[in-house]
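> can you look at this prediction? I've put the sequence above it.
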Amino acid sequence: KQEVTQIPAALSVPEGENLVLNCSFTDSAIYNLQWFRQDPGKGLTSLLLIQSSQREQTSGRLNASLDKSSGRSTLYIAASQPGDSATYLCAVPLYSGGGADGLTFGKGTHLIIQP
Amino acid sequence: DVKVTQSSRYLVKRTGEKVFLECVQDMDHENMFWYRQDPGLGLRLIYFSYDVKMKEKGDIPEGYSVSREKKERFSLILESASTNQTSMYLCATKPGQGLIYGYTFGSGTRLTVV
């Protein structure tokens, strides 16, 4: 069964820094990987979805990469802003068979951007 | 944009009550999911449904049931609420069986059982 680990668990940096959040997964037979953002007490907002055939996806200041063979993904945030403060979650399909089987999540990286 | 609406942001219920959590989506997605989120444990899948009247157990179905009588609505039912079911509950949807689609989440329901 798939397991997802996110490192670091928490990160606090000054505004303006570029930063990298890491995600690793145990079963490399995934068909996609999704990054989410969660603000305190709120639901999840999808940031980026990377298909297994892709190496990268970009949205504004966010760039996510995927290396299936090594079981890793990174989320790169450029020029961080206080509004980026949130918990970032990485998720992959529960099973490699595809279809509607739900997601397994990492425990997230709690990010604080200091003004 | 897909909208996933959870009817209540906050709920307080008593031990032993039957509790209904409602989720409604407006984009005709086939698949709907219920998760709970707890500090230190992360998000865990309770139940999901890939069609009307169809349901599948997730990782932690004990103490819960679900109902999907219409495509747009997926209800999570706590048959007899207990304090260990105090949690944040999140509903999600996903279109079809295609592998290229991602998941969309609602804003969550914070349930407290006293």
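The structure has been received and is ready for your questions.

> can you give me the strands in the chain?
No chain in the question, so chain A it is. A:4-7, A:10-14, A:19-25, A:32-38, A:44-51, A:56-59, A:62-67, A:72-77, A:86-93, A:103-105, A:109-114 (DSSP state E).

> looking at chain B here, not the other one
Going by DSSP E, chain B shows strands at B:4-6, B:10-13, B:19-25, B:31-38, B:42-49, B:56-57, B:64-70, B:73-78, B:87-94, B:104-105, B:109-113.

> pipe these into a markdown table and attach mean neighbour count and mean pLDDT per row.
Heads up, the C-betas are built off the backbone N, CA and C, glycines and all. Output for these, formatted as a markdown table (neighbours: other C-beta atoms under 10 Å in any protein chain shown; pLDDT from 0 to 100):
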| stretch | mean neighbour count | mean pLDDT |
| --- | --- | --- |
| strand B:4-6 | 18 | 95 |
| strand B:10-13 | 13 | 96 |
| strand B:19-25 | 19 | 97 |
| strand B:31-38 | 23 | 96 |
| strand B:42-49 | 22 | 94 |
| strand B:56-57 | 14 | 92 |
| strand B:64-70 | 16 | 97 |
| strand B:73-78 | 20 | 98 |
| strand B:87-94 | 24 | 96 |
| strand B:104-105 | 22 | 94 |
| strand B:109-113 | 18 | 98 |
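
> let's have these in TSV, adding distance to chain A.
Below are the strands of chain B laid out as TSV (distance: least, C-beta to the nearest C-beta, whole Å):
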stretch	distance to chain A
strand B:4-6	8
strand B:10-13	9
strand B:19-25	11
strand B:31-38	4
strand B:42-49	4
strand B:56-57	8
strand B:64-70	12
strand B:73-78	12
strand B:87-94	6
strand B:104-105	4
strand B:109-113	7
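
> dump those strands to JSON lines, plus distance to A:L47.
Formatted as JSON lines, those follow (distance: least, C-beta to C-beta, whole Å):
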{"stretch": "strand B:4-6", "distance to A:L47": "16"}
{"stretch": "strand B:10-13", "distance to A:L47": "26"}
{"stretch": "strand B:19-25", "distance to A:L47": "20"}
{"stretch": "strand B:31-38", "distance to A:L47": "17"}
{"stretch": "strand B:42-49", "distance to A:L47": "16"}
{"stretch": "strand B:56-57", "distance to A:L47": "27"}
{"stretch": "strand B:64-70", "distance to A:L47": "28"}
{"stretch": "strand B:73-78", "distance to A:L47": "24"}
{"stretch": "strand B:87-94", "distance to A:L47": "15"}
{"stretch": "strand B:104-105", "distance to A:L47": "12"}
{"stretch": "strand B:109-113", "distance to A:L47": "23"}
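
> enumerate every residue touching the residue positioned nearest the centre of chain B.
Against the mean C-alpha coordinate of chain B, by C-alpha atoms, centre = their mean, the closest residue is B:W34 at 2.7 Å. By C-beta atoms under 8 Å, 6 or more residues apart in numbering or on different chains, the residues touching B:W34 are B:21, B:23, B:45-48, B:58, B:64, B:66, B:74, B:76, B:89-91.

> do B:N31 as well
B:N31 neighbours (C-beta under 8 Å, 6+ apart): A:100, B:48-50, B:93-96.

> how close does it get to A:Q54?
22 Å (C-beta to C-beta, to the nearest Å).

> same thing with A:I113?
A:I113 is 28 Å from A:Q54, by C-beta to C-beta.

> the lowest-mean-pLDDT helix or strand in chain A vs chain B: in contact?
Ranked by mean pLDDT, DSSP states H and E, the weakest helix or strand in chain A is strand A:103-105, scoring a mean of 91. Yes: contact of strand A:103-105 with chain B (C-beta under 8 Å from any C-beta of the partner chain) involves A:103-105.
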